[in-house]
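Novice: predicted model, plus sequence, below.
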Amino acid sequence: MTVTEYITDTFVDTYHPSLPLFTYVHSPYSRFDAQGKPLILLLHGAGGDHHHFDDVFPLLIENGHYTMVADIRYHGRSQPTDHHANPVFDFEVILQDLDRALAWFRKRHGLTELPIVLGGISMGGMIAQAYALRLLSAYKNSPVKIQAQIGIGCAHILIPDPAIPWLTLYKAASYEDTRIMIPAARQSIADSANSRLGKARSASSLCLVDDKTLFCCFRACANALPTCTHELSSIPQLLLRGESDLHTKDVMEAWYSNATKTAQTKTVYQVIPSAGHLVTMDKGYQTAEHIITFLTSQ
């Protein structure tokens with residue numbers, strides 16, 4: 001098949017009537033085969049949307065992978081109908097959102113078990129780790145079976161040191177404490193792609209996310225970081241970073257260093273040239289190539 005020949009299925013989660021949540025499944029075939037290649041779930045960063053992976057999923061599909069992407073609550077099309085309500089946003093509620101999306105996918109394809117690869121960029125990478133750890137802790141009883149993890153431009157949530165310096169500012173802060181910093185953070189996100197097209201796409205996604213939601217994203221990321229070091233998970237891990245993404249350089253190198261010392265399975269770390277923090281927008285095709293090579297080697 002070619003990259004233009006794929007099926008897109010959209011799930012709108014209405015569990016919370018005033019907050020419809022949009023999930024998109026791009027697929028090479030009409031039915032998912034649980035005995036074949038795992039579903040790849042990719043989550044976007046703060047202020048982004050599912051378009052973070054527009055240049056990634058076509059090659060994954062061409063190689064036979066179902067790929068699920070989502071607009072995390074208050075991002076993209078997943079917008080509240082009651083705009084006067086305060087955002088309800090932390091990793092726990094997002095993991096519950098993912099539970100429902102994957103339950104829908106399993107029901108739609110008649111699956112008793114669902115093999116999955118979890119990944120994401122920036123905040124999405126941290127959410128994917130939290131979900132991976134939940135699935136691993138309930139592995140025997142969960143119908144969702146995690147096969148591997150992909151971290152793109154993000155910190156490991158079980159390694160508190162080194163930390164991304166600005167992130168710790170949001171750990172115990174209120175919106176009023178930090179609102180003066182939000183415009184600069186918004187601009188930083190918009191500028192975190194290297195390419196002109198990447199910057200334009202990032203700015204377009206940010207237009208749909210208000211300042212209070214961005215604050216909630218940063219606080220959720222800050223509070224995903226524990227106060228002590230734990231062992232890393234024992235699943236295969238692919239770590240990707242854009243060459244000019246210096247914000248996550250130290251944390252990702254620490255992740256890789258710890259993984260090579262403690263992980264029971266393969267860990268691969270790749271730095272993608274001529275790419276910024278939003279590497280999936282700058283070098284989406286190359287990102288997909290690394291994912292395919294990694295999964296093929298397992």
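Specialist: Yep, that arrived.
Novice: Lys107 - that's part of a helix, no?
Specialist: Yes - judged by DSSP: H, G, I helix; E, B strand; the rest coil, Lys107 forms part of a helix.
Novice: from Trp255, how far off is it?
Specialist: Counting by Cβ to Cβ, to the nearest Å, the separation of Lys107 from Trp255 is 35 Å. In this view, the C-beta of every residue, glycine as well, is placed from N, C-alpha and C.
Novice: ok, Leu136 next?
Specialist: Computed as Cβ to Cβ, the Leu136 to Trp255 distance reads 17 Å.
Novice: ok, Ser195 next?
Specialist: Counting by Cβ to Cβ, the separation of Ser195 from Trp255 is 26 Å.
Novice: more neighbours, Leu136 and Trp255?
Specialist: The neighbour comparison of Leu136 against Trp255 (other Cβ atoms under 10 Å) goes to Trp255, with 25 against 15.
Novice: what's the pLDDT at the more buried one?
Specialist: Trp255 carries a pLDDT value of 92.
Novice: that one contacts Gly153, correct?
Specialist: No - using Cβ atoms under 8 Å, Trp255 is not in contact with Gly153; the gap is 11.3 Å.
Novice: for the nearest residue to Leu206 once chain neighbours are set aside, which three-state class applies?
Specialist: Excluding its sequence neighbours, the residue lying closest to Leu206 (Cβ to Cβ, 6 or more residues apart in numbering) is Gly47, at 4.6 Å. Under three-state DSSP, Gly47 falls in the coil class.
Novice: all helices of the stretch 101-250 of the chain, in order?
Specialist: With DSSP state H, counting those that start in this stretch as the criterion, the stretch 101-250 of the chain has helices at 123-137, 175-178, 182-190, 196-206, 211-222, 249-262.
Novice: dump those helices to TSV, plus distance to Gln298.
Specialist: What follows is the helices of the stretch 101-250 of the chain, written out as TSV (distance: least, Cβ to Cβ, whole Å):
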stretch	distance to Gln298
helix 123-137	15
helix 175-178	41
helix 182-190	33
helix 196-206	29
helix 211-222	28
helix 249-262	15
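Novice: quick one: closest of these to Thr67.
Specialist: Among those, the nearest to Thr67 by Cβ to Cβ is helix 123-137 (13.7 Å).
Novice: Thr8 bridge partners, please.
Specialist: Per DSSP bridges, residues listed as beta-bridge partners of Thr8: His26.
Novice: quick check: it vs Leu21, distance?
Specialist: 16 Å.
Novice: quick one: which of the two has more around it?
Specialist: Set Thr8 next to Leu21 and count neighbours by other Cβ under 10 Å: Leu21 wins out with 25 against 11.
Novice: burial count for the residue lying closest to the more buried one once chain neighbours are set aside?
Specialist: For Leu21, ignoring the flanking residues on the chain, the nearest one in space by Cβ to Cβ, 6+ apart is Asp13 at 4.0 Å. Residues near Asp13, counting by other Cβ under 10 Å, number 19.
Novice: what about Asp13, distance to Ser195?
Specialist: Going from Asp13 to Ser195 by Cβ to Cβ gives 32 Å.
Novice: residue boundaries of the strands in the stretch 1-150 of the chain?
Specialist: Taking DSSP state E, counting those that start in this stretch as the criterion, the stretch 1-150 of the chain carries its strands at 7-13, 21-27, 39-43, 67-70, 114-121, 144-152.
Novice: quick one: contacts of the longest one?
Specialist: Applying Cβ atoms under 8 Å, 6 or more residues apart in numbering, the contact partners of strand 144-152 are 38, 42, 102, 106, 113-122, 124-125, 128-129, 132, 135-136, 139, 233, 235-241, 252, 255, 279-280, 287, 291, 294-295, 298.
Novice: are any of those residues buried, and which?
Specialist: 38, 42, 102, 106, 114-122, 124-125, 128-129, 132, 135, 233, 235-241, 252, 255, 279-280, 287, 291, 294-295 (16 or more other Cβ atoms under 10 Å).
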